[in-house]
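Peer 1: kindly return the folded structure for what I paste below:
(one chain, ligands or ions: 1)
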Amino acid sequence: MPSLFDPIALGALALSNRIVMAPLTRSRAVEGEVPNPLAIEYYAQRASTGLIISEATQISPQGQGYPNTPGIFTDAQVAGWKPVTDAVHAKGGKIVAQLWHVGRISIPDYQPDGGPAVAPSAIAAVGNAMRPDFSMTPFETPRALTLEEIPGIVADYVHAAEMAKKAGFDGVEVHAANGYLIDQFLKDGSNQRDDRYGGSVENRARFLLEVVTAVVAVLGADRVGVRLSPSNGANSAMDSDPASIFLHVAAALKPFGLAYLHLIEGEPDTPMSIKGGAPELAARMREAFGGPLMLNGGLTKALAQKALDDGRADLVSIGVPVLANPDLVERWDQDAPLNTPDTSTFYGGGAKGYTDYPALSAS
Ligand SMILES: Cc1cc2nc3c(=O)[nH]c(=O)nc-3n(C[C@H](O)[C@H](O)[C@H](O)COP(=O)(O)O)c2cc1C
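Peer 2: Numbers count the residues shown, from 1 in each chain. Coordinates of the predicted model:
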């Protein structure tokens, strides 16, 4: 059985270990949604993970739904990301950009035309959005995308993939999880279209597959991953029969030969578990997909190794523990104690809670 510390090849990406930094929004971008210069140090500090998946980066102004999240569509943003990828590479690491469109999780404050957010159907998410000043406001009813608009959004993904390449990323992860635009198309709670993007599982998967096809044409399948969350309910994403849509999606992704499939699914005994038999669905999706599978969600070192030992995953991604421990790989290797995460500095602010978590050598 592989150890967490063994190398693995994900398509064109040769990882030195199987502990991946999960994508983590930190809301610290500067003017123009350009990455904060501190991101260079932040990501470089975490380059001993086998792969870094960047914080979600919006593919267009329309795709933004939170304050100060960095984009990947302007020259200034590319210029902000380039020193980040250079710094990670200089330390022997790998980094992919997570491509993001939030769909109905946006609010008019972020929309270039000041109008409603866009979504598959005019159904509001439940709960509160975060305004640019970090205050909360209830989600509003989005506007259903017209058939004519959809190719333009696919084109925004293509542009973002090209910009990610220019910025020196090793590849991209298509963010199709957590109730954002692509997940809104997949799930019947948010997609009630009666055209070729709604209804059957084939129709609801169409937008994701169009995006993947287009991004693969830019970067090659061996530099593209996809993140899915079949059953965590994030951002009020609901489906009446997750197994049907997600087994279809996993099988439909197989022929691409993607670098990896990334699942946010509860593992047995984790705090993230478990809605509707998730471990069983993840196992069936793994079989249907047939390529490298990355699992995420509440994993400790022991649970992560167990997921590998039990053959449920090829590698794992780790969020909050990597946020708080820049050298998590070394700490897990040595069974060293972990820093405590400071939730008050997760989103927004500067170096505090961002680049100042001590490494073992410094503590
Ligand atoms: C502060 C924070 C920001 C996050 N931002 C993102 C994001 O940008 N994209 C994404 O797909 N998931 C995001 N997530 C979810 C994490 O990637 C991960 O799924 C979650 O933290 C569970 O994994 P963990 O238990 O190892 O932390 C975020 C989570 C946290 C705590």
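Peer 1: please work out which residues outside stretch 36-48 touch it.
Peer 2: 16-17, 21, 26, 28-30, 52, 54, 70, 80, 83-84, 87-88, 90-93, 95, 322, 326-330, 350-351, 354-355, 359 (C-beta atoms under 8 Å, 6 or more residues apart in numbering). All C-beta spots, glycine's among them, are computed from the backbone N, C-alpha and C.
Peer 1: pLDDT wise, what is the closest residue to residue 139 other than its chain neighbours at?
Peer 2: For residue 139, the nearest residue in space outside its immediate sequence neighbours is residue 125; the separation is 4.3 Å by C-beta to C-beta, 6 or more residues apart in numbering. The confidence metric pLDDT takes the value 97 at residue 125.
Peer 1: could you report the neighbour count for residue 125?
Peer 2: Other residues within reach of residue 125, judged by other C-beta atoms under 10 Å, total 26.
Peer 1: rewinding a little: can you flag the buried ones in the contacts of stretch 36-48?
Peer 2: For the contacts of stretch 36-48, a burial check counting by 16 or more other C-beta atoms under 10 Å picks out 16-17, 21, 26, 28-29, 52, 54, 70, 80, 83-84, 87-88, 93, 95, 322, 326-329, 354-355.
Peer 1: which of these come close to the ligand?
Peer 2: Applying C-beta under 6 Å from any ligand atom to the buried ones among the contacts of stretch 36-48, one finds that nothing falls near the ligand.
Peer 1: restricted to helices, list the residues you listed.
Peer 2: Among these, DSSP state H puts 80, 83-84, 87-88, 322, 328-329 in helices.
Peer 1: between those residues, which is closest to residue 294?
Peer 2: For residue 294, the closest of those turns out to be residue 322, at 13.7 Å, with distances computed as C-beta to C-beta.
Peer 1: contact partners for the closest one?
Peer 2: In this structure, residue 322 makes contact with 21-22, 24, 46, 49, 328, judged by C-beta under 8 Å, 6+ apart.
Peer 1: likewise for residue 287?
Peer 2: Contact partners of residue 287, counting by C-beta under 8 Å, 6+ apart, are absent.
Peer 1: one step back: which single one of the contacts of residue 322 is nearest to residue 304?
Peer 2: Of all these, residue 304 sits closest to residue 328, with 10.6 Å by C-beta to C-beta.
Peer 1: that closest one and the ligand, how far apart?
Peer 2: Shown here: residue 328 relative to the ligand, a distance of 10 Å by C-beta to the nearest ligand atom, to the nearest Å.
Peer 1: contacts only, for that residue.
Peer 2: Contacts for residue 328 were tallied using C-beta under 8 Å, 6+ apart; they are 19, 46, 49, 318, 321-322, 338.
Peer 1: how many residues are close by the nearest residue to residue 74 once chain neighbours are set aside?
Peer 2: Among residues not flanking residue 74 along the chain, residue 32 sits closest, at 6.6 Å (C-beta to C-beta, 6+ apart). By the other C-beta under 10 Å criterion, the neighbourhood of residue 32 contains 12 residues.
Peer 1: how about residue 75?
Peer 2: Here the neighbour count serves as a burial measure; for residue 75 (other C-beta under 10 Å) it reads 10.
Peer 1: and residue 361, by the same measure?
Peer 2: Here the count is done by other C-beta under 10 Å, and residue 361 has 7 residues near it.
Peer 1: ok, residue 38 next?
Peer 2: By other C-beta under 10 Å, 16 other residues sit near residue 38.
Peer 1: how much space between it and residue 87?
Peer 2: Taking C-beta to C-beta, to the nearest Å as the measure, residue 38 falls 11 Å from residue 87.
Peer 1: ok so residue 303 is a helix residue?
Peer 2: Yes: Residue 303 sits within a helix when classified using DSSP: H, G, I helix; E, B strand; the rest coil.
Peer 1: for the stretch 201-350 of the chain, what spans make up the strands?
Peer 2: If you assign secondary structure with DSSP state E, counting those that start in this stretch, the strands in the stretch 201-350 of the chain sit at 224-228, 260-264, 293-296, 315-318.
Peer 1: mind putting these into CSV with mean pLDDT?
Peer 2: Listed next are those as CSV, based on pLDDT from 0 to 100:
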stretch, mean pLDDT
strand 224-228, 98
strand 260-264, 96
strand 293-296, 96
strand 315-318, 97
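Peer 1: right, so of those strands, which gets closest to residue 209?
Peer 2: Taking C-beta to C-beta, strand 224-228 is the member of the strands of the stretch 201-350 of the chain nearest to residue 209, at 10.0 Å.
Peer 1: give me the nearest residue to the closest residue to the ligand within the stretch 51-200 of the chain, chain neighbours excluded.
Peer 2: Among all residues of the stretch 51-200 of the chain, residue 56 sits closest to the ligand, at 3.3 Å; criterion: C-beta to the nearest ligand atom. Across the structure, with C-beta to C-beta, 6+ apart as the measure, the residue nearest residue 56 apart from its sequence neighbours is residue 100 (3.8 Å).
Peer 1: correct me if wrong: residue 159 contacts residue 59.
Peer 2: Yes: shown here, residue 159 and residue 59 form a contact pair, counting by C-beta atoms under 8 Å, at 7.2 Å.
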